[in-house]
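Colleague: my questions are about this predicted structure, shown below with the sequence.
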Amino acid sequence: MIACCNLALQSQVLMNKDSLLKLLPTLKQDSVAVEAYFNLGQQYDGSQPELAKYYYHAGGRIAEKIKYSAGMIKFYYNYTYVLNLQGRYDSSLQMNLKAVKLARRSNDSISLGKTLFNTGTSYRCLAQYEDAVLYYEEGKKIFASVGNADIEARSNDILQLLYYWMGQYDKAIEYGEKAVAYFRKKDDKIWLCTALSNLGISYSGKQNYIKALPIFNEALSISKEIGDTGMEAAQMLSIGDCYLNTNDYPKLKFYYSKALELSTQLDSKENMAIALRGMALYYLFEKSFDKAKVYAEKSLLILNNENLLSQRQKTLETLSNIHYALHDIKAADEYVRLASVIGDSLLNETIRKNTLDLEKKYESQKKQTQIYKLETENKIQQFSIEQKKTINYILEGGAVALIIVLLLSYRTYSQKQRLQQQRISELETEKQLTATEAVLKGEEQERIRLAKDLHDGLGGMLSGIKYSFTTMKGNLVMTPENHQAFERSLDMLDSSISEMRRVAHNMMPESLVRFGLDTALKDFCNDINQSGALKINYHSIGLEGVLIDQTIAITLYRIVQELINNSMKHANANSAIVQVNNLNNILSITVEDNGKGFDTNILKTNKGIGWVNIQNRVEFLKGKLDIKTKEGKGTSVQIELNI
């Protein structure tokens with residue numbers, strides 16, 4: 001479990017709980033009382049989060065009453081830390097944004113840097129990585145100017161988490177190792193525990209569980225030493241996950257049961273659900289299917305009341321495995337269906353988010369262009385005013401001089417206007433190309449990540465289930481009906497594995513990365529031919545030994561893929577031709593089909609998303625697109641570009 005910690009949480013604890021509780025009634029409502037309440041809350045946030053929030057609120061109310069801005073910023077630090085521990089990232093984000101505004105007004109660079117990093121952490125926990133990067137970068141610039149080694153080490157730990165979520169595990173480990181080394185040398189137990197926990201997760205991301213396990217165990221030992229129950233529960237879950245991923249099932253019970261106990265104590269719903277699912281997997285391995293079912297259903301009951309779709313999907317998949325083991329095929333199939341529905345919704349949400357991000361970028365660029373245009377017009381207007389003053393002065397010299405100046409001024413004005421308009425057009429074109437490039441690269445990165453997750457994650461899980469079923473088959477005594485159902489389930493599982501691999505291959509074909517565009521297109525056309533959906537003749541000329549940039553190759557592959565999909569889905573074609581020719585480094589791609597064709601005028605008024613994607617990609621490559629089609633006459637699309 002990732003630790004979504006804040007950069008600066010706590011001041012040093014100066015007094016124990018009993019001393020603080022005796023002191024509080026004697027204090028006036030001033031800054032000393034604020035610090036005392038915060039000090040007391042810090043001693044509870046790892047074990048009794050609701051009580052910690054109570055004391056933070058008490059200190060925050062006093063700080064607000066006496067207009068103690070530094071105290072209010074500290075209130076946000078501490079309170080959002082507890083919210084992050086409880087998984088309430090939306091609330092944490094709103095409070096951190098308030099803290100940033102307050103810190104900007106206070107002119108305290110250290111406080112501003114900390115609030116910027118904490119806000120970036122909230123965005124990261126909400127998977128809004130681009131916003132997180134903006135806040136992290138601004139905060140890092142502030143810390144670099146200050147030169148504080150403690151803050152630099154904490155920044156390294158937080159940057160580790162950001163690169164982990166972006167899938168750049170080597171970079172995450174590089175930052176994590178730096179943070180651990182510093183806190184170990186300084187003997188800072190609290191931050192060392194957090195940095196170790198996050199470093200272990202970075203190694204787990206690389207599936208290096210042998211390296212991750214001792215790191216988690218050290219973090220577990222420290223969390224017990226400092227009495228941080230939340231961190232202890234997180235380590236129990238992480239260690240359990242390591243043993244689960246290395247198929248060391250007998251060790252699961254101890255860690256998941258302890259994690260369940262601690263998470264229940266902290267009322268951490270997500271951790272409770274994960275621990276319950278872990279217990280279900282342990283009893284599934286022990287073939288205590290009824291117990292496994294009880295734990296999995298408890299996990300699902302919690303997740304049904306929480307907005308944790310990915311965790312709910314995993315629990316539904318676990319329930320399907322349990323019901324297959326119980327020979328309840330109907331229930332198992334229903335859980336598989338529900339898990340697939342959630343998987344589709346998560347994918348749709350990712351697509352929707354990418355679309356919204358693109359719209360935001362477009363609107364932002366549009367506003368910037370408008371601002372630039374207005375500024376240009378204003379400058380021209382000011383220039384015109386200056387010219388008029390000059391003309392008025394020259395008028396006193398005579399009519400001839402006036403005519404000459406007017407002619408020169410008009411010519412100058414026209415030239416400047418043309419130059420300004422040309423510059424505006426160039427800037428707009430550059431921004432559109434930059435936005436298109438960012439979207440295309442982001443789309444391909446997301447395809448690569450999803451393909452990897454499907455192949456390595458879900459593929460491994462399905463293969464493991466198949467192996468378990470095959471092993472189970474030899475040890476079970478079944479009626480002929482159950483034996484037939486069992487064989488049918490294995491066939492369905494084989495089909496699921498094949499379909500998953502097909503989807504992963506379509507997202508990012510391995511042949512495209514390894515062998516290049518020509519081989520990838522040839523394999524794609526062969527796959528379509530074998531499916532029987534469409535007969536494709538593929539021809540290529542002049543591609544032997546030609547190295548095509550990977551970004552260009554991927555983009556061209558997606559264009560051909562989209563055109564063939566249009567031929568199958570919309571044109572009702574039964575045959576097509578794909579030709580790729582390279583002559584003097586001018587690449588020409590032609591895709592023709594014998595489908596029903598269409599009226600090209602509809603592209604001007606009602607553009608489908610497929611044609612928009614094709615046109616955007618061609619513009620990104622600075623190529624030419626030519627579409628020839630008529631209703632009932634088929635369609636021919638030709639693309640030319642320099643390589």
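Modeller: Nice, I can see it.

Colleague: what about the residue nearest to the spatial centre of the chain, distance to residue 272?
Modeller: In the chain, the residue lying closest to the centroid (C-alpha atoms, centre = their mean) is residue 127, at 4.9 Å. Plainly put, residue 127 is 22 Å away from residue 272 if you go by C-beta to C-beta, to the nearest Å. Yep, even glycine has a C-beta here, placed from its N, CA and C like the rest.

Colleague: re the thing from before, hmm, the residue nearest to the centre of the chain is touching residue 165, no?
Modeller: Yes - in this structure residue 127 lies within contact range of residue 165 using C-beta atoms under 8 Å: 7.1 Å.

Colleague: if I read this right, residue 592 contacts residue 634, doesn't it?
Modeller: Yes - applying C-beta under 8 Å, one finds residue 592 in contact with residue 634, separated by 6.7 Å.

Colleague: who touches both of the two?
Modeller: Residues touching both residue 592 and residue 634 by C-beta atoms under 8 Å, 6 or more residues apart in numbering: none at all.

Colleague: burial count for residue 488?
Modeller: By other C-beta atoms under 10 Å, the residues close to residue 488 number 11.

Colleague: kindly apply the preceding question to residue 630 instead.
Modeller: By the criterion of other C-beta under 10 Å, residue 630 has 12 neighbours.

Colleague: avg pLDDT for the helix or strand encompassing residue 332?
Modeller: Using DSSP states H and E, residue 332 falls within helix 329-395. In this model, helix 329-395 has an average pLDDT of 62.

Colleague: count of neighbours near residue 552?
Modeller: Residues contacting residue 552 under the criterion other C-beta under 10 Å number 17.

Colleague: residues contacting the closest residue to residue 533 other than its chain neighbours?
Modeller: Spatially, and ignoring its direct neighbours in sequence, residue 533 is nearest to residue 568 (5.4 Å; C-beta to C-beta, 6 or more residues apart in numbering). By C-beta under 8 Å, 6+ apart, residue 568 lies in contact with 528, 533, 534.

Colleague: list the helices and strands whichever strand or helix holds residue 290 packs on?
Modeller: Element membership for residue 290, per DSSP H and E: helix 289-304. Contacts defined by 3 or more C-beta pairs under 8 Å, 6 or more residues apart in numbering; DSSP states H and E place helix 289-304 against helix 269-285, helix 309-325.

Colleague: need the winner for burial among the ones you listed.
Modeller: Highest mean neighbour count among the helices and strands packed on helix 289-304 (mean count of other C-beta atoms under 10 Å): helix 269-285, with a mean of 23.

Colleague: what angle separates that one from helix 289-304?
Modeller: Here the directions of helix 269-285 and helix 289-304 differ by 160 degrees (axes from the mean of the first three to the mean of the last three C-alpha atoms, to 10 degrees).

Colleague: average pLDDT for helix 269-285?
Modeller: For helix 269-285, the mean pLDDT works out to 93.

Colleague: before we move on, what about stretch 199-215?
Modeller: The average pLDDT within stretch 199-215 is 93.

Colleague: CA atoms only for that stretch - export them in CSV, please.
Modeller: Listed next in CSV are the C-alpha coordinates belonging to stretch 199-215 (Å, rounded to 0.1, in the frame of the first residue of the first chain):
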residue,chain,number,x,y,z
LEU,A,199,10.9,2.0,-1.7
GLY,A,200,9.5,-1.5,-1.1
ILE,A,201,6.5,-0.7,-3.2
SER,A,202,8.8,0.6,-6.0
TYR,A,203,10.7,-2.7,-6.1
SER,A,204,7.3,-4.5,-6.1
GLY,A,205,6.3,-2.5,-9.1
LYS,A,206,9.4,-4.1,-10.9
GLN,A,207,8.2,-7.5,-9.5
ASN,A,208,11.5,-7.7,-7.5
TYR,A,209,9.8,-9.2,-4.4
ILE,A,210,13.1,-10.7,-3.1
LYS,A,211,14.4,-7.1,-2.8
ALA,A,212,11.1,-5.7,-1.6
LEU,A,213,10.5,-8.2,1.3
PRO,A,214,13.4,-7.2,3.6
ILE,A,215,12.6,-3.5,3.0
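
Colleague: so how far is that stretch from its chain's centroid?
Modeller: Here the centre of stretch 199-215 is set off from its chain's centre by 21 Å, with C-alpha atoms, centre = their mean, to the nearest Å.

Colleague: equivalent analysis for stretch 281-301, please.
Modeller: Its chain's average C-alpha position is 31 Å from that of stretch 281-301, according to C-alpha atoms, centre = their mean.

Colleague: now the helices and strands packed on helix 289-304 in JSON lines, with distance to residue 103?
Modeller: JSON lines is the format used below for these (distance: least, C-beta to C-beta, whole Å):
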{"stretch": "helix 269-285", "distance to residue 103": "30"}
{"stretch": "helix 309-325", "distance to residue 103": "34"}
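
Colleague: looking at those helices, which is nearest to residue 303?
Modeller: Taking C-beta to C-beta, helix 309-325 is the member of the helices and strands packed on helix 289-304 nearest to residue 303, at 4.2 Å.

Colleague: show me what contacts residue 288?
Modeller: Going by C-beta under 8 Å, 6+ apart, residue 288 touches no other residue.

Colleague: whoops, I mixed them up, residue 306
Modeller: Contact analysis of residue 306 by C-beta under 8 Å, 6+ apart lists 269, 270, 273.
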